[in-house]
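**Student:** Give me a model of this one.
(2 chains)
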Amino acid sequence: KNQVEQSPQSLIILEGKNCTLQCNYTVSPFSNLRWYKQDTGRGPVSLTIMTFSENTKSNGRYTATLDADTKQSSLHITASQLSDSASYICVVSGGGSYIPTFGRGTSLIVHP
Amino acid sequence: GAVVSQHPSWVICKSGTSVKIECRSLDFQATTMFWYRQFPKQSLMLMATSNEGSKATYEQGVEKDKFLINHASLTLSTLTVTSAHPEDSSFYICSARGGGPGQPQHFGDGTRLSIL
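**Tutor:** Sure thing, here's the model as predicted:
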């Protein structure tokens, strides 16, 4: 069964600090992995996408890593800002049907 | 970048009425559109996948007669919640994809549906 597990479920950090979110998956065969940011009451917005051959992808203060061997990904946020408060969702595509499998998300709260 | 517009953003209506939600791809042709449902603090749950001109494929447990999906053009899909009841209250999100399975999905901003 295709699954995507994210940790931690929620995280509270102070503004300016760094943090790392984790994503483990069992989707096979693997096509790509995306990280999305979802603000409360809004639709998800894509941050990064990585295919099998890529192990790092950056988008501003967001850096995603992928280890296709261990089926793990991380999203590192540098110098957090209040606007980073949101839910971060890991989505893995593949599994034959290419229907994306969504993680439950990590709820990040950045305090001033 | 690719833009998906979802309308309305918020609906409040009485139990028993039907509600239609529109999802439009504004600057690309969406060969496939997806409809999701999201409960508070939960991840998105796929309800159905629709390809332009074809009948939608519903996920297990989703009533096709309850949630009518139409994808009549490459830029528009609609979800109609028929005879809505309070338990149908949720956040509904659509996404659109142009091209094949490896292409990215672009999400609308969602519709918050509240049934009284």
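**Student:** close enough to count as contact, residue A:23 and residue A:5?
**Tutor:** Yes - proximity of residue A:23 to residue A:5 meets the contact threshold set by C-beta atoms under 8 Å, at 7.3 Å. Where you see a C-beta, it was placed from the backbone N, CA and C, and this is true even at glycine.
**Student:** and residue B:100, how far is that from residue B:31?
**Tutor:** 8 Å (C-beta to C-beta, to the nearest Å).
**Student:** Which one's more surrounded, the two?
**Tutor:** residue B:31 (18 against 9; other C-beta atoms under 10 Å in any protein chain shown).
**Student:** which parts of chain B sit against chain A?
**Tutor:** Counting by C-beta under 8 Å from any C-beta of the partner chain, the positions of chain B adjacent to chain A are B:4, B:6, B:41-46, B:49, B:91, B:93, B:95, B:101-102, B:104-110, B:112.
**Student:** So which of these sit within strands?
**Tutor:** B:4, B:6, B:45, B:46, B:49, B:91, B:93, B:95, B:106, B:107, B:112 (DSSP state E).
**Student:** picking up where we left off before, which residues do residue A:23 and residue A:5 both contact?
**Tutor:** residue A:103 (C-beta atoms under 8 Å, 6 or more residues apart in numbering or on different chains).
**Student:** neighbours around residue A:71, how many?
**Tutor:** Residue A:71 sits with 17 neighbouring residues when counted by other C-beta under 10 Å.
**Student:** Return the residues in contact with it.
**Tutor:** Taking C-beta under 8 Å, 6+ apart, one finds A:24, A:25, A:26, A:27, A:30 in contact with residue A:71.
**Student:** try residue A:40
**Tutor:** So residue A:40 contacts A:86, A:87 (C-beta under 8 Å, 6+ apart).
**Student:** Next, give phi and psi for it.
**Tutor:** Per-residue torsions, residue A:40: phi -60, psi 130 (degrees, to the nearest 10).
**Student:** Could you do residue B:39 as well?
**Tutor:** Here is the backbone geometry of residue B:39 (degrees, to the nearest 10): phi -90, psi 160.
**Student:** I'd say it and residue B:88 touch.
**Tutor:** No - with contact defined as C-beta under 8 Å, residue B:39 does not count as touching residue B:88 (11.5 Å).
**Student:** buried stuff in stretch A:52-66?
**Tutor:** A:57, A:62, A:63, A:64, A:65, A:66 (16 or more other C-beta atoms under 10 Å in any protein chain shown).
**Student:** Name the nearest residue to the fifth one, sequence neighbours excluded.
**Tutor:** In other words, residue A:65. Leaving aside its sequence neighbours, residue A:65 sits nearest to residue A:74 (C-beta to C-beta, 6 or more residues apart in numbering or on different chains; 4.9 Å).
**Student:** go on, the first one?
**Tutor:** Using C-beta to C-beta, 6+ apart and skipping residues adjacent in sequence, the residue nearest residue A:57 is residue A:48, 4.5 Å away.
**Student:** hang on, isn't the one you found packed against residue A:32?
**Tutor:** No - using C-beta under 8 Å, residue A:48 is not in contact with residue A:32, being 10.1 Å away.
**Student:** hmm, back to that, now the residues of chain B next to chain A: which count as buried?
**Tutor:** Buried subset of the residues of chain B next to chain A (neighbour count, 16+ other C-beta under 10 Å): B:4, B:6, B:43-46, B:49, B:91, B:93, B:95, B:104-110.
**Student:** do you know how far residue A:14 is from residue A:110?
**Tutor:** Taking C-beta to C-beta, one finds residue A:14 at 7 Å from residue A:110.
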